[in-house]
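J.: starting from these lines, generate the structure:
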Amino acid sequence: MAALVAPAVVLALSRVVADAAVLYVGLLVAVTGVTAAAGWAVSRTPGLAVSLGRRDAVWVLVVLPFSWLGGAFGAAALGVEPPDIAAPLAVLGTAGGTLLGIALVAMSRTRHASAALEDAVELAEWEARWPRRWRVVAGGVAVASFAASIIGLLAALVADFEWGWRLYYLLFVGVVLATVGNSRTFRVTDAGLVVEHPLQRQFRPWAAYTSYELTDEALVLRPAAWWRPAHRCDRADIADVDAVRSALNETVPAERERV
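T.: Numbers count the residues shown, from 1 in each chain. Below is the predicted model of the structure:
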């Protein structure tokens, strides 16, 4: 929240103060004040992290900082010329707010998973990456996004091209897609499915899944909600396919297998 609100405070302050040192101090004061207020509010709300981790709405914490991007494009569309400091503040607000939002999502999901798994019985476990075809496509798009964002940033800073700041936002697309190559740990329990990433743990009950599909190339776990992406695993990464198949047959509501 500090990364989202503090730049707005500095932007408002820049309307009456032009000194860079004063604006920098204003940014520090705003960050400190908003962080302290948010910390106090969270400490006064028991179980908030677990409650947030249970809901998909927690992703609002990641999406909300992109309102800076919407504001920048909206101002350009309306022909409004913002102060010179608006562009770097938009970058700071989006980058800082998004990173903080991702950290909060990871923390809340991990707390929720730990609470839900207190008495759960583990039936199977495996580590796997995304299927190879998905890794290749995601890697290519990630490299292109990183290259475009760097070119845009250099164009904005060196050649003063305004469109460069817009290309910078492709950096976030590259960061997300770059994680597709990472291995994840899956745990089948009697309570639900656990998916562990390096910095977070996610839990969903079996009612959230409709079926699984096992082919020569991949294992796919399909969610009940249409907007949630399926969990896709490279079959070659699964050490004991038979044990995983047996555990899923006991837990997933329906099953489809194609060999």
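
J.: so where's the protein uncertain?
T.: 1-46, 48-49, 53, 67-93, 254-259 (pLDDT under 70).

J.: longest helix of it?
T.: helix 86-116 (DSSP state H).

J.: buried stuff in the helix or strand following it?
T.: Per DSSP states H and E, the first helix or strand lying C-terminal to helix 86-116 is strand 122-128. By 16 or more other Cβ atoms under 10 Å, the buried positions in strand 122-128 come out as 123-126, 128. In this view, the C-beta of every residue, glycine as well, is placed from N, C-alpha and C.

J.: what ranges do the helices span in the stretch 51-200 of the chain?
T.: With DSSP state H, counting those that start in this stretch as the criterion, the stretch 51-200 of the chain has helices at 60-63, 67-78, 86-116, 132-158, 163-168, 170-178.

J.: what's the shortest one in contact with?
T.: So the one you mean is helix 60-63. The contact list for helix 60-63 (Cβ atoms under 8 Å, 6 or more residues apart in numbering) reads 98, 100-102, 104-105.

J.: that older thread, which one of the buried residues of strand 122-128 sits closest to residue 199?
T.: Nearest to residue 199 among the buried residues of strand 122-128: residue 128, at 17.9 Å, using Cβ to Cβ.

J.: roughly how far does that closest one sit from residue 61?
T.: The spacing between residue 128 and residue 61, counted by Cβ to Cβ, to the nearest Å, is 28 Å.

J.: and residue 203, by the same measure?
T.: 19 Å.

J.: residues in contact with stretch 223-243: which ones?
T.: Residues contacting stretch 223-243 (Cβ under 8 Å, 6+ apart): 56, 124, 126-132, 134, 183-184, 186, 193, 195, 204, 207-210, 214-222, 244.

J.: one more time with 6 Å
T.: 124, 126, 128-131, 208-210, 217-222, 244 (Cβ atoms under 6 Å, 6 or more residues apart in numbering).

J.: do the same with stretch 196-216
T.: 106, 109-110, 113, 116, 184-185, 192-195, 220-224, 248, 251-252, 254, 256-258.
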